[in-house]
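In: Fold the following, please.
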Amino acid sequence: MGAGDDLGGLPNLGPRSRAWLADAGISSFDALRGIGAVAAYVRVKQRQPAASLNLLWALEGALCGLHWRDVARERRTSLLLALDDAQGVAHRTPGLPPD
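Out: From the prediction side, this is the model:
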């Protein structure tokens with residue numbers, strides 16, 4: 001994919017995933033690459049509670065050129081830890097110490 005291309009040519013992402021990303025303000029490969037798979041998943045999940053972890057695997061796979069099943073098998077733990085960190089940051093109340 002070239003710089004700035006839309007999400008249509010990315011592997012692992014079907015029409016629903018692309019629509020969810022667009023709804024979350026992520027409509028190009030550059031935008032997805034800039035925000036990263038975990039932050040993109042968090043944005044989508046906030047708007048689309050039905051989004052499953054398969055979307056996270058698909059996003060990472062799209063960025064890395066891997067099939068989503070390979071991502072789920074090989075990078076599951078690191079992605080889940082990054083997701084936990086991202087969600088923890090998003091839920092902390094300003095001015096209060098972390099848990």
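In: In terms of secondary structure, what does the strand or helix carrying residue 85 contact?
Out: Using DSSP states H and E, residue 85 sits in helix 76-91. Judged by 3 or more Cβ pairs under 8 Å, 6 or more residues apart in numbering; DSSP states H and E, helix 76-91 is in contact with helix 37-47, helix 53-64. (C-beta placed from N, C-alpha, C; glycine too.)
In: who does the next helix or strand along the chain from the last one touch, helix- and strand-wise?
Out: Toward the C-terminus, helix 53-64 is succeeded by helix 68-74 as the next helix or strand (DSSP H and E). Helices and strands touching helix 68-74, as assessed by 3+ Cβ pairs under 8 Å, 6+ apart, comprise helix 53-64.
In: next one: the helix it packs on to chain centre, how far?
Out: With Cα atoms, centre = their mean, to the nearest Å as the basis, helix 53-64 stands 6 Å off its chain's centre.
In: what angle do it and helix 76-91 make?
Out: Going by axes from the mean of the first three to the mean of the last three Cα atoms, to 10 degrees, helix 53-64 is angled at 110 degrees with respect to helix 76-91.
In: what is the orientation angle of the helix holding residue 85 with helix 37-47?
Out: 60 degrees.
In: contacting residues around helix 76-91?
Out: For helix 76-91, contacts defined as Cβ atoms under 8 Å, 6 or more residues apart in numbering pick out 37, 38, 39, 41, 42, 53, 56, 57, 60, 71, 98, 99.
In: CA atoms only for that helix, dumped as PDB, please.
Out: Output in PDB follows, covering the C-alpha atoms of helix 76-91 (Å, rounded to 0.1, in the frame of the first residue of the first chain):
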ATOM      1  CA  ARG A  76      -1.800 -12.200  21.600                       C
ATOM      2  CA  THR A  77      -0.100 -11.600  25.000                       C
ATOM      3  CA  SER A  78       1.800  -8.500  24.000                       C
ATOM      4  CA  LEU A  79      -1.300  -7.000  22.400                       C
ATOM      5  CA  LEU A  80      -3.500  -7.800  25.300                       C
ATOM      6  CA  LEU A  81      -1.000  -6.200  27.700                       C
ATOM      7  CA  ALA A  82      -0.800  -3.100  25.500                       C
ATOM      8  CA  LEU A  83      -4.600  -3.000  25.400                       C
ATOM      9  CA  ASP A  84      -4.800  -3.200  29.100                       C
ATOM     10  CA  ASP A  85      -2.300  -0.300  29.400                       C
ATOM     11  CA  ALA A  86      -4.300   1.800  26.900                       C
ATOM     12  CA  GLN A  87      -7.600   1.200  28.600                       C
ATOM     13  CA  GLY A  88      -6.100   1.900  32.000                       C
ATOM     14  CA  VAL A  89      -4.800   5.300  30.800                       C
ATOM     15  CA  ALA A  90      -8.200   6.100  29.300                       C
ATOM     16  CA  HIS A  91     -10.100   5.300  32.500                       C
END
